[in-house]
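Participant: Curious how this folds, go ahead:
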Amino acid sequence: MKKMVVGITGASGSIYAKRLIEELLKNDTYIHIICTDTGKKVMKYETDIELEQWVGELQKQHDNVVLEDNENLFSKVASGSYKFDAAVILPCSMGTLAEISSGIAKNLLCRVADVALKEKRQLVIVPRETPFNAIHLENMLKLSRLGVIILPAMPGFYHKPETLDDIVDFVVGKTLDSLSIENNLFKKWGS
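Facilitator: Next up, the predicted model:
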């Protein structure tokens, strides 16, 4: 069973994280969820979902979901000796991206990103901001040069989306593709 960490920050787009977690559970993945305080507020504002309640419902159906406390630097995912396969931060705020690119690990989410970098594990960051300024771009370039996959939440339209779910599924499908997880969330180019 793959082990993944899914981080949710206060950037707009928590629906992407919700959908990714649902898909990872279909793929028999052990998931550690880390959400910032602002991420919880944005999720509630954008989706009417209380994170703790939603995760509690998931835990009733799945024994492979853990909600981590972002302030708990004693969590096992904070250690390089705990083997997780990948970490995905989506949506990723520019503040969190800046902390990661600067090596600041003052909370669990940034520490997990730091562990992924130092242990050469896959790290996927899905920034959600527009437009980008030069600092944002420099931070993304810095992380990209370290092997981080930078996957902005920029949906394509060649698959002819008809609903908001189709647009969300495109970004989540691309995220799963970057993790080498087969999915049919959107029609691939040429198929």
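
Participant: so what's Glu129 closest to, chain neighbours aside?
Facilitator: Met94 (5.2 Å; Cβ to Cβ, 6 or more residues apart in numbering). For glycine as for every other residue, the C-beta is placed from the backbone atoms N, C-alpha and C.

Participant: ok, the one you found - contacts?
Facilitator: If you count contacts by Cβ atoms under 8 Å, 6 or more residues apart in numbering, Met94 has them with 11, 127, 129, 135-136, 139.

Participant: Tell me the buried residues within these.
Facilitator: By neighbour count, with 16 or more other Cβ atoms under 10 Å, the contacts of Met94 hold 11, 127, 129, 136, 139 as buried.

Participant: Out of the residues you listed, flag the one nearest to Ala17.
Facilitator: Relative to Ala17, the closest of the buried ones among the contacts of Met94 is Ala11; by Cβ to Cβ it sits at 10.1 Å.

Participant: was I right about that closest one contacting Arg128?
Facilitator: Yes: at 4.1 Å, Ala11 counts as touching Arg128 under the criterion of Cβ atoms under 8 Å.

Participant: that older thread, could you identify the pair within the buried ones among the contacts of Met94 that is furthest apart?
Facilitator: The most widely separated members of the buried ones among the contacts of Met94, counting by Cβ to Cβ, are Ala11 and Asn139 (13.7 Å).

Participant: Now do whichever helix or strand Leu141 is part of, average pLDDT.
Facilitator: Assessed by DSSP states H and E, Leu141 sits inside helix 134-145. The average pLDDT within helix 134-145 is 98.
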